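Visitor: Sharing a sequence plus its predicted fold:
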Amino acid sequence: MDDFKDLDQEINNLKKQLNFGGGAEGGGAFPEINDYWKRRLDEEKILFSKRLSGREEEKKTLELRISQQQAQIDQYHQVLKELEKKFDHESSQWEERLRIKEADLLLEKNRVLNEEKVKEAELETRRMLSQVAELNSRIARIRDEQSMEIGRLNENFSTERAAFEEKLKMAARHGELLEKRIKELEQSLAERNLELEKVKAEAEKKIRDAEAKIVTLTNDRAALEEEKQTLIGFNEEQKHRSAEEKRQLEISYRNLSRYFIENMRKYFGPLVGLAHFVSEHRVTAGTWNLFRDLIQKIDTETDSFSMQTNVTYTYNETFRVLVAMPDNEFSVWRSALLNTRGEVVRLAAQQLAREMDKAKPQVVIISGRSVRYARALRRRWPFVPVIISGSVEGNTAKALLAEGYPVIMPPYVIEEMVGAVIHAAGSSIAQPAYWETIAIKKTHTAPLLALGLVLVAAAVGYFGRTMEIPALHIPGFTRTTSFSTPYPQPTNLTYDGQYLWACDWMGQSIYKHKINGELGLVRIFYFPGKHFSALAWVKGNLWTVDPWEKKIYRHNSDEALTILSSYDAPGGAPSGLAGDGTVLWSCDASTGRIYRHKIDDKLSVEATFKSPGPNPSGLFYDGQSLWSADGQTNRIYRHVLDDQLSVAETFLPSGYEQKGYNISGIARNSKVFWVCSEKAGKIFQYSKDMLKKVTD
């Protein structure tokens, strides 16, 4: 269309030039049509040539851009090659560092072997010196024997010659006989001399051999002395390293002590302020809850500090125990109380109200048949700890536990009974020195709070005065946390990925804890008549065991943890459970065995393994290895899932041996280990580096 417009415009221009359309008088001549179209064709050719040349320029531009991009790609390839060379160089450097580390380990191994060689060389030197002394003794003895023999021969010769001369004088007629006798004696003497020369030559040869051996031993001793000096240098270097490690440990201990003191000040400050506040104002139950919370935090910090420093504190004070129970029950308690420093006073339950102020006990133990007297005693003397003993009906036991009473039920365990009494006495404020003050002012809150502060400060002060700097078994600053449970005997633990679960065989319940700074209790599941000793979450189902009924239970994950099925346990005292969904593991404290079950309608036992400890008390599975714990040795074992269930590593929780705790259950999440103890009534949280690796 543009071409036609150009053509029309050109025609109009020609008309104007030639005056076309102005009449004949214009005088112009109209050009021929063939010339016009020829000229027009030439113009079109020129225009097409220009367009073609523009396309050629664009093509050259595009080719230039492509060459530039290709150059950039080549540069990128060059950079990649340089990065590959750099990676290969760094890889060789890391390999060289690995070889250096292996050489260091080899040097350490040679140092240990050299120490053993020094000891062996010293022993060999002592043995050689003993042999030299023995050879010298034998040489002296041989010389003495030779001297004695020569003297004896000379003496015999003198005697015989004197006799011969005497005979020669007395009887000349015996001359020939005597001459013959003399020849015989001379021949005998010659033979004796030959024998003496032979013995002398042998003795001289032995002396030369001994002297050569002495020279050899002397040279060996010089070489050993040189080696000894070298090893002494190594020992000095090791002493220097040990001194440096000791200094680092002392720094760690000071940091730990400073952290403990700072926390104590952090809690004591609000505690003192709270004391002043309640002495001037009427307070609510929330204030008292704050007071109990501060005291609990102080107890937790003190126990954590004790666990990390291996400093133990045992209550060894004499205290008075008031016992109100029948003779048949007291016969069980008598042996337990003999293991304490308690002075026992027996009274009938009906006499408690009249005799309490006179007896002034620090602990009271009451039969489960006299619960109403215990509650009455608690109302009048709330500062005296009361322990309930004996068979108690399930609902009553649950109510007593909720009210804070320790309940000791059959079957009785002496260690648990002793621990309950000592724990009650150690935390009791009903000391003889405070009885009158508490009794007179028992309705006033401020003196009781002040008394509690004094007792806590005195306990912490005594702990600080009596502790010594121990040999810390960890470098740096890693803490152990302990939590006192609201139920008396945490028996076992399991972790479901979000919550920590615990059971208490005496409380006949399962407890769900939120994992936070205080291990808060979310919910209690009560199972009357059931005494769970272990539990484990396996693929959405909770599994438990009851040693009283010798059963293994599978629960639903509903709001009531409904029991779906039960199975016979393979042993008489099942004590641990773990699983991965394909198999279930259990252990038994009476048989000392670990069992692998097939998850079928009978929970069949596929394999049986001997536990590495005599009293297996807990299991858990981390996705790769099976872990077990032993309640007697307090060891935690990591097992390889082979045909023997071999032990790969053995660990010991910090503080368990020193405090006499017994592991009753274990669990683990991705960060920490959880360990519980019935005897301590606590749950402990450990990082893995707080579990001391042992080899025994």
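Guide: Happy to help now that I have it.
Visitor: Residue 386 and residue 377 touch, don't they?
Guide: Yes. Residue 386 lies in contact with residue 377 (CB atoms under 8 Å); the separation is 6.1 Å. For glycine as for every other residue, the C-beta is placed from the backbone atoms N, C-alpha and C.
Visitor: Same drill for those two, tell me which one is more crowded.
Guide: Legend: neighbour count by other CB atoms under 10 Å for residue 386 and residue 377, higher for residue 386 (26 against 21).
Visitor: contacting residues for that one?
Guide: By CB atoms under 8 Å, 6 or more residues apart in numbering, the contact set of residue 386 is 364, 365, 366, 374, 377, 378, 405.
Visitor: Could you identify the helix or strand that succeeds the longest helix anywhere in the chain?
Guide: With secondary structure taken from DSSP state H, the chain has its longest helix at helix 33-170. Using DSSP states H and E, the helix or strand that follows helix 33-170 in sequence is helix 175-280.
Visitor: How far away from the center of its chain is that next one?
Guide: Offset of helix 175-280 from its chain centre (CA atoms, centre = their mean, to the nearest Å): 36 Å.
Visitor: just checking, what packs against it?
Guide: In terms of contacts (3 or more CB pairs under 8 Å, 6 or more residues apart in numbering; DSSP states H and E), helix 175-280 is packed against helix 33-170, helix 285-309, helix 445-466.
Visitor: angle of it against helix 33-170?
Guide: Calculated by axes from the mean of the first three to the mean of the last three CA atoms, to 10 degrees, helix 175-280 forms an angle of 140 degrees with helix 33-170.
Visitor: give the contact list for residue 648.
Guide: For residue 648, the contact set (CB under 8 Å, 6+ apart) comprises 625, 638, 639, 640.
Visitor: change it to 7 Å
Guide: 638, 639, 640 (CB atoms under 7 Å, 6 or more residues apart in numbering).
Visitor: List only those of those flagged as buried.
Guide: 638, 639 (16 or more other CB atoms under 10 Å).
Visitor: Just the contacts of residue 648: which are in helices?
Guide: Using DSSP H, none of those sit in helices.
Visitor: Domain boundaries for this structure, per the record?
Guide: If you go by automatic domain parsing, the domain ranges for the chain are 316-430, 481-694.
Visitor: need those domains in TSV with distance to residue 94 and mean pLDDT, can you?
Guide: Listed next are those as TSV, based on distance: least, CB to CB, whole Å; pLDDT from 0 to 100:
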stretch	distance to residue 94	mean pLDDT
domain 316-430	54	85
domain 481-694	26	89
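Visitor: Now the phi/psi pair for residue 429, please.
Guide: As for residue 429, its main-chain torsions (degrees, to the nearest 10) stand at phi -100, psi 0.
Visitor: Columns distance to residue 238 on top of the contacts of residue 648, output as a markdown table?
Guide: Below are these laid out as a markdown table (distance: CB to CB, whole Å):
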| residue | distance to residue 238 |
| --- | --- |
| 638 | 31 |
| 639 | 35 |
| 640 | 34 |
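Visitor: from the contacts of residue 648, which is closest to residue 647?
Guide: residue 639 (6.0 Å; CB to CB).
Visitor: For that closest one, list the residues it contacts.
Guide: So residue 639 contacts 625, 626, 628, 645, 646, 647, 648 (CB under 7 Å, 6+ apart).
Visitor: Grab the nearest non-local neighbour of it.
Guide: Leaving aside its chain neighbours, residue 639 sits nearest to residue 626 (4.4 Å; criterion: CB to CB, 6 or more residues apart in numbering).
Visitor: can you pull out the helices in the stretch 551-696 of the chain?
Guide: Counting by DSSP state H, counting those that start in this stretch, the stretch 551-696 of the chain has helices at residues 656-659.
Visitor: on that earlier part again, any chance of the helices and strands packed on helix 175-280 in CSV, with mean neighbour count too?
Guide: Output for the helices and strands packed on helix 175-280, formatted as CSV (neighbours: other CB atoms under 10 Å):
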stretch, mean neighbour count
helix 33-170, 11
helix 285-309, 17
helix 445-466, 15
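Visitor: I'd like these laid out as JSON lines, including mean pLDDT.
Guide: Shown next, in JSON lines, are the helices and strands packed on helix 175-280 (pLDDT from 0 to 100):
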{"stretch": "helix 33-170", "mean pLDDT": "74"}
{"stretch": "helix 285-309", "mean pLDDT": "67"}
{"stretch": "helix 445-466", "mean pLDDT": "42"}
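Visitor: Residue 607 versus the residue lying closest to residue 221 once chain neighbours are set aside, what's the distance?
Guide: Using CB to CB, 6+ apart and skipping the chain neighbours, the partner closest in space to residue 221 is residue 125 (5.8 Å). To residue 607, residue 125 is 55 Å away according to CB to CB, to the nearest Å.
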